[in-house]
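Chemist: Predicted model follows, preceded by the sequence.
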Amino acid sequence: MAAADQKPLGSGFHARSEPHEMLAGIDLTGKTAIVTGGYSGIGLETTRALAGAGATVIVPVRDPAKAEENLSTIEGDISSAKMDLADLDSVRGFASSVYDSIEALDLLINNAGTMACPLARVGPGWESQFGINHMGHFALTKALLPLLEKASSPRVVALSSVAHKRNGILWDDIQFENSDYDKWVAYAQAKSANALFANALSRRIQGFGGRAFSVHPGGIFTPLQRHLPKEEQIALGWLNEDGTVPAAVAEIFKTPTQGCTTTLWAATSPLLDDMPGVYCEDCDVAQLMGEDSLPYEHCAPHITVDEDAERLWEISEALLATA
């Protein structure tokens, strides 16, 4: 892809589009989807929408009890299996169980993630936001590639965030081993990694008709904010002192159902057939940021650099090989 590819296509949808609008007339019967984090927040709404359109949905779950409770509210062909993105043995075990239950994988939605958490280490010592948001999904996708190859025109959707605009990959200190940890810098790095991952993955799956995209779902109040105390959300301007949502924020933030629609669009829209690796927002391809871009919109040039996407892929392969 190139920076020039980052421009809206005129999808006909918008920031407030709902899942039933997005999937109107789309029949996913016979298709199989995996949605990480598909039992909470916008992941749950993604599962609900895909199952409602006829897809068989498999949800990897870190908390089986919570998953059982939440998924019981959804009608359709839905199953779950234990998996923790922070534990590569768990990821491999989940992938192995999937091979025993399906013949092909049509949609892989890498939705789960953590945001702005205190410094923690996962795997062989990876910074947790990079380790969970990027490396866990990298390992999962790699393990499932043969099943994607058996599908007709499979798609992989990686959830990024507009937070990527803050900074790209910290090439000299990805794991914060030699520098002070900043939870927001780490989050931005992880979300940039998600976008670069989709960029690089598209080149690896296009030979069998596959496509990969990254998406910014929008601002949504979900369990993703669990690491942010109320005081910090007030300081960020997301909440008033009394805990209510400011009117200006309410105008920008989406509901959980609206928050899953860009994912659904990236997973199903024929407009993206010839746009591999692009970053999407508000149910369309995102515009490249400029001087007039607002903080919560558009995409930074650093996630469109193919050479950086390939560099991250090579680093991720090396990290995975030693984990």
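Modeler: Done, it's in. Numbers count the residues shown, from 1 in each chain.
Chemist: rest of the way, CA atoms for contacts and neighbours
Modeler: Fine.
Chemist: which stretches of the stretch 101-250 of the chain form helices?
Modeler: Remark: helices assigned in the stretch 101-250 of the chain by DSSP state H, counting those that start in this stretch are 128-129, 137-149, 183-205, 230-235, 247-252.
Chemist: nearest to Met275, of those helices?
Modeler: When the helices of the stretch 101-250 of the chain are compared by CA to CA, helix 183-205 sits nearest Met275, at 9.5 Å.
Chemist: for that closest one, the distance to its chain's centre please.
Modeler: 9 Å (CA atoms, centre = their mean, to the nearest Å).
Chemist: And the contacts of stretch 154-162?
Modeler: By CA atoms under 8 Å, 6 or more residues apart in numbering, the list of residues contacting stretch 154-162 from outside reads 105-112, 148, 188, 191-192, 194-195, 197-198, 209-218, 263, 266-267, 295-299.
Chemist: What's the local residue count around Gly113?
Modeler: 22 (other CA atoms under 10 Å).
Chemist: Would you quantify the distance from Ala55 to Thr32?
Modeler: Ala55 is 6 Å from Thr32, where distance means CA to CA, to the nearest Å.
Chemist: Revised request: answer the last question for Gly131.
Modeler: For Gly131, the distance to Thr32 - CA to CA - is 26 Å.
Chemist: and the closest residue to Ala112 other than its chain neighbours, what is it in contact with?
Modeler: Closest residue to Ala112 in three dimensions, ignoring its sequence neighbours and counting by CA to CA, 6 or more residues apart in numbering: Gly37, at 4.2 Å. Going by CA under 8 Å, 6+ apart, Gly37 touches 43-44, 59-61, 110-113.
Chemist: give me that answer again for 7 Å
Modeler: 43, 60-61, 111-112 (CA atoms under 7 Å, 6 or more residues apart in numbering).
Chemist: Please identify which of the residues you listed is nearest to Val98.
Modeler: Nearest to Val98 among these, with distances taken as CA to CA, is Pro60, at 10.0 Å.
Chemist: Tell me which strands the helix or strand hosting that closest one pairs with, and in which orientation.
Modeler: Counting by DSSP states H and E, the element that carries Pro60 is strand 56-61. Partners of strand 56-61 in the sheet, by DSSP bridges, are strand 32-35 (parallel), strand 78-82 (parallel).
Chemist: Output those strands as CSV; include the columns distance to Cys280.
Modeler: Shown next, in CSV, are the strands paired with strand 56-61 (distance: least, CA to CA, whole Å):
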stretch, distance to Cys280
strand 32-35, 18
strand 78-82, 27
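Chemist: and of these, who's closest to Gly125?
Modeler: Closest approach to Gly125 among the strands paired with strand 56-61 (CA to CA): strand 78-82, 22.4 Å.
Chemist: got the buried residues for that closest one?
Modeler: Residues 78, 80-82 are the ones in strand 78-82 that count as buried (16 or more other CA atoms under 10 Å).
Chemist: Redo the residues you listed as JSON lines? Include distance to Gly259.
Modeler: As requested, the buried residues of strand 78-82 are arranged in JSON lines below (distance: CA to CA, whole Å):
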{"residue": "Ile78", "distance to Gly259": "21"}
{"residue": "Ser80", "distance to Gly259": "22"}
{"residue": "Ala81", "distance to Gly259": "24"}
{"residue": "Lys82", "distance to Gly259": "25"}
